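J.: Kindly generate the corresponding structure for this input.
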Amino acid sequence: MQRQPTVLCLASYYKGASFLTAAKALGARVLLLTREKNAAEPWPRESIDEVFLMPDLRRRPDILYAVSYLTRANPVDVIVPLDDYDVETAAALREHLRLPGLGETGARYFRDKLAMRTQASAAGIPVPPFTPVFSYDRLRDYMARVPPPWVLKPRSEAGAMGIKKLYDAEQVWRWLDQLGDEQSFFHLEQFIPGEIYHVDSLVYDGRILFAQPHKYARPPLTVAHDGGVFVSRTLPDGDEARAILALNERLLRAFGLERGATHAEFIRGQDGQYYFLEVAARVGGANIEQLVEAASGLNLWGEWARMEIAYAQGQPYTVAPSLHDYAGILVCLARQEWPDLSGYSDPEVVYRVDKKHHAGLVVASPDPNRVEALLNDYVNRFAYDFLAVLPPLDKAPT
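T.: Next up is the predicted model:
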């Protein structure tokens, strides 16, 4: 009989309920460590053996003390971050407790935008021209060589938060002055306009067992800063899909991930070149899990749970998509507290977002042209029926 593994899940925000449910269904003992402010979120309590609360999961050494104390009565086999902000914390805890999985140096490649660009560039993977902002002489040289516009990016924020698009050196210096001692936590890179893609993958024993390519209708940075409807769709087989899948494979090999779910983003510039933008060692946000599941039949959170339990028990892990369809997703902030999506009744609608002040749905079909036609129709209707626009955040809410 297999020993029951214990999985400790870290969640600075309400994420990953499907992982918790799947891990419990697979026979694991499931522990959840989250922030006190998340205590009332609708966690699947029936799938969680114990919930532990802290004011802040990123504050060291508090988190090391707390989890070390927790393990006195709860020996932990696996630590899983459910949110992007928990990836580095989970890595530090693994190092401290000598548990398998992504360590602190490896986690940097999936959280620190400067580290991931440096590593990708060293592996020969194209990236937009970039520079740290440590040395002012190096920064001046970069701005003299690389034409603007540039984007000043926080190294460890999620998504498009905190990114500033700048058009001349004076703007750069002004922003650095405002940042003060925080400026070394940013980097500068050339803004490259183009079409943006994402690949969502499952990796086990260092091999990509599943990877699905997608294309955004508009760049997420544009949606985050200017407002609008977030739209993405599965790519059919073709030059675009093959190019980003090949780049994704090179990337994950160079970054040395042994196990987990990843969400990587790429851009095709106006020169036709594909560039790496960023990668995360977690399931993509904005309901990406429903997009992938609608097209493949695989729930990324559930598969991640399966692979962690298999690893803890020394068992093989395989993955077999049950569908080979195409899917698309639309999500936006909504003026209404609970938007009414009943008017979107096409049979291809397979999922509806159930979240306050959010409108969203997923469509799926064996025909990629049908998916694209529905998205083109729905995006205009969403803008009229629901769309609300708020100023972009510089940091995640505390």
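J.: so where is the stretch 51-200 of the chain shaky, pLDDT-wise?
T.: 159-160 (pLDDT under 70).
J.: residue ranges for the strands of it, please.
T.: 78-81, 130-132, 150-154, 164-166, 186-190, 194-204 (DSSP state E, counting those that start in this stretch).
J.: how far does the longest one sit from the chain's center?
T.: Relative to the chain's own centre, strand 194-204 is displaced by 10 Å; criterion: CA atoms, centre = their mean, to the nearest Å.
J.: Pull up the pairing partners for it, direction included.
T.: strand 207-216 (antiparallel), strand 259-269 (antiparallel) (DSSP bridges).
J.: out of the strands of the stretch 51-200 of the chain, nearest to A22?
T.: Closest approach to A22 among the strands of the stretch 51-200 of the chain is made by strand 78-81 (11.2 Å; CB to CB). Where you see a C-beta, it was placed from the backbone N, CA and C, and this is true even at glycine.
J.: Now do the same contact list for V146.
T.: Residues in contact with V146 (CB atoms under 8 Å, 6 or more residues apart in numbering) are 129, 131, 190.
J.: Now which of those would you call buried?
T.: Of the members of the contacts of V146, the ones counted as buried by neighbours, 16 or more other CB atoms under 10 Å, are 129, 131, 190.
J.: Tell me which stretches of the protein form helices.
T.: Using DSSP state H, the helices of the chain run over 17-25, 62-70, 87-97, 104-108, 113-122, 136-145, 169-179, 220-226, 239-255, 288-296, 300-312, 368-385.
J.: any idea which of those helices is most buried?
T.: A comparison of the helices of the chain by mean neighbour count, using mean count of other CB atoms under 10 Å, puts helix 288-296 on top with a mean of 25.
J.: mean confidence score for that helix?
T.: Here helix 288-296 scores 96 as its mean pLDDT.
J.: Then stretch 388-398?
T.: pLDDT averaged over stretch 388-398 gives 71.
J.: what residues are up against the spatially most central residue of the chain?
T.: Closest residue to the average C-alpha location of the chain: G284 at 3.7 Å, with CA atoms, centre = their mean. For G284, the contact set (CB under 8 Å, 6+ apart) comprises 198, 200, 263, 300.
J.: Try it again at 7 Å.
T.: 198, 200, 263 (CB atoms under 7 Å, 6 or more residues apart in numbering).
J.: Quick check: bridge partners of the last one?
T.: If I follow you right, that is H263. Judged by DSSP bridges, the bridge partners of H263 are D200, A280.
J.: and it, how many neighbours does it have?
T.: 22 (other CB atoms under 10 Å).
J.: Also the first one?
T.: With neighbours defined by other CB under 10 Å, the count for H198 comes to 25.
J.: Touching, it and H263? I think so.
T.: Yes - contact criterion CB atoms under 7 Å: H198 and H263 qualify, at 6.2 Å.
J.: Could you export the helices of the chain as TSV, including distance to F52?
T.: As requested, the helices of the chain are exported to TSV (distance: least, CB to CB, whole Å):
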stretch	distance to F52
helix 17-25	14
helix 62-70	6
helix 87-97	13
helix 104-108	22
helix 113-122	30
helix 136-145	43
helix 169-179	35
helix 220-226	32
helix 239-255	30
helix 288-296	25
helix 300-312	19
helix 368-385	39
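J.: Would you quantify the distance from the spatially closest residue to K356 that is not a sequence neighbour to K355?
T.: Nearest non-adjacent residue to K356, counting by CB to CB, 6 or more residues apart in numbering: E337, 5.6 Å away. To K355, E337 is 10 Å away according to CB to CB, to the nearest Å.
J.: more neighbours, those two?
T.: K355 (12 against 8).
J.: Tell me how many other residues surround V349.
T.: 16.
J.: Identify the residues contacting it.
T.: V349 touches 361, 363, counting by CB under 7 Å, 6+ apart.
J.: Now for G103: which residues touch it?
T.: By CB under 7 Å, 6+ apart, the neighbours of G103 are 91, 94-95.
J.: thought L251 was touching Y274?
T.: No - the pair L251 / Y274 is not scored as a contact, 11.1 Å apart, by CB under 7 Å.
J.: Could you list the low-pLDDT ranges of the stretch 201-350 of the chain?
T.: Flagging of the stretch 201-350 of the chain using pLDDT under 70 yields the residue ranges 224-225.
J.: mind redoing it with 90?
T.: Residue ranges of the stretch 201-350 of the chain with pLDDT under 90: 217-228, 285-286, 323.
J.: Contact partners for F52?
T.: Listed by CB under 7 Å, 6+ apart, the contact set of F52 reads 31, 33, 70.
J.: nearest to P316, of these?
T.: In terms of CB to CB, no member of the contacts of F52 lies closer to P316 than L31, at 25.5 Å.
J.: No further queries at this time; thank you.
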